[in-house]
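A.B. asks: no sequence for this one, just the structure:
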Ligand SMILES: N[C@@H](CCC(=O)N[C@@H](CS)C(=O)NCC(=O)O)C(=O)O
């Protein structure tokens, strides 16, 4: 059985858990906080969560794990069958992760740990997020799902990347990151009601 290491509070842990549920794969949650200790680095070389263990092999990075799960259990498919549509989904996933979530994450120390972030960083994050939102807007289909009429990996990343990013933007700038992005808001609504995500979020609040 697959083991899922990390903590339920993590957006990428939650995303990975939702994928495991989506694909009806049996798994066991192992509560492990991220760490730079050698035993954790064996699971995840950057000391980040989540990581999984499958057939005695450790694997980190949510995209790598998603790719493994897609090969392991192709149904329900979370990537289109044809090469270019599948690559376009991954392109959107990359921008959501790198140009939205990772950018907004720079505000996290102040929001979660009360470690002030400099005004310079706040301005840089704002500018980078504006650029990232334009990139995502160019690729986001929202008819009704992120990449078109099929539920894909991009919908899971939309939910879990904007979950974090919107919270950071609200807390630091008191602004709504998605104010003029109805298609993205719609996907967030769809995903909040999607059974695998709903289960993850319910179990998270139950602790
Ligand atoms: N690129 C990684 C990001 C994982 C990540 O940022 N994990 C955070 C929690 S959501 C973490 O472990 N942070 C602790 C740290 O950076 O030390 C992925 O997609 O899995």
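C.D. replies: That came in fine, so what should we check first? This structure is a prediction, so every number in the text was calculated from the model and none was measured.

A.B. asks: going forward, measure contacts and count neighbours with C-alpha atoms only.
C.D. replies: Will do.

A.B. asks: okay, now the domains of this structure?
C.D. replies: Domains of the chain are assigned by automatic domain parsing as 2-76, 83-196.

A.B. asks: for these, which one sits closest to residue 206?
C.D. replies: Among the domains of the chain, the nearest to residue 206 by Cα to Cα is domain 2-76 (10.2 Å).

A.B. asks: measure that closest one end to end?
C.D. replies: Terminal residues of domain 2-76 lie 18 Å apart, using Cα to Cα, to the nearest Å.

A.B. asks: so how far is that domain off the chain centroid?
C.D. replies: 12 Å (Cα atoms, centre = their mean, to the nearest Å).

A.B. asks: stretch 140-160 too?
C.D. replies: 12 Å.

A.B. asks: do that stretch and the ligand come into contact?
C.D. replies: No: contact of stretch 140-160 with the ligand (Cα under 6 Å from any ligand atom) is absent, the minimum separation being 9.6 Å.

A.B. asks: in that stretch, what counts as buried?
C.D. replies: Judged by neighbour count (16 or more other Cα atoms under 10 Å), stretch 140-160 contains these buried residues: 140, 142, 145-147, 150-160.

A.B. asks: of all those, which two lie farthest apart?
C.D. replies: Most distant of the buried residues of stretch 140-160, by Cα to Cα, are 150 and 160, 18.0 Å apart.

A.B. asks: possible to save the domains of the chain as TSV with mean pLDDT?
C.D. replies: Formatted as TSV, those follow (pLDDT from 0 to 100):
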stretch	mean pLDDT
domain 2-76	98
domain 83-196	98
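
A.B. asks: got the ones you listed as JSON lines, with distance to residue 204 columns?
C.D. replies: Output for those, formatted as JSON lines (distance: least, Cα to Cα, whole Å):
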{"stretch": "domain 2-76", "distance to residue 204": "6"}
{"stretch": "domain 83-196", "distance to residue 204": "12"}
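
A.B. asks: among these, which is nearest residue 205?
C.D. replies: Proximity to residue 205, assessed across these by Cα to Cα, is greatest for domain 2-76 (9.0 Å).

A.B. asks: that closest one close to the ligand?
C.D. replies: Yes: using Cα under 6 Å from any ligand atom, domain 2-76 comes into contact with the ligand via 10-12, 34, 47-50, 61-63.

A.B. asks: who does the helix or strand harbouring residue 197 touch, helix- and strand-wise?
C.D. replies: Under the criterion of DSSP states H and E, residue 197 resides in helix 195-206. If you count contacts as 3 or more Cα pairs under 8 Å, 6 or more residues apart in numbering; DSSP states H and E, helix 195-206 packs onto helix 11-22, helix 182-192.

A.B. asks: got those as a markdown table, with mean neighbour count columns?
C.D. replies: Shown next, in a markdown table, are the helices and strands packed on helix 195-206 (neighbours: other Cα atoms under 10 Å):
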| stretch | mean neighbour count |
| --- | --- |
| helix 11-22 | 22 |
| helix 182-192 | 17 |
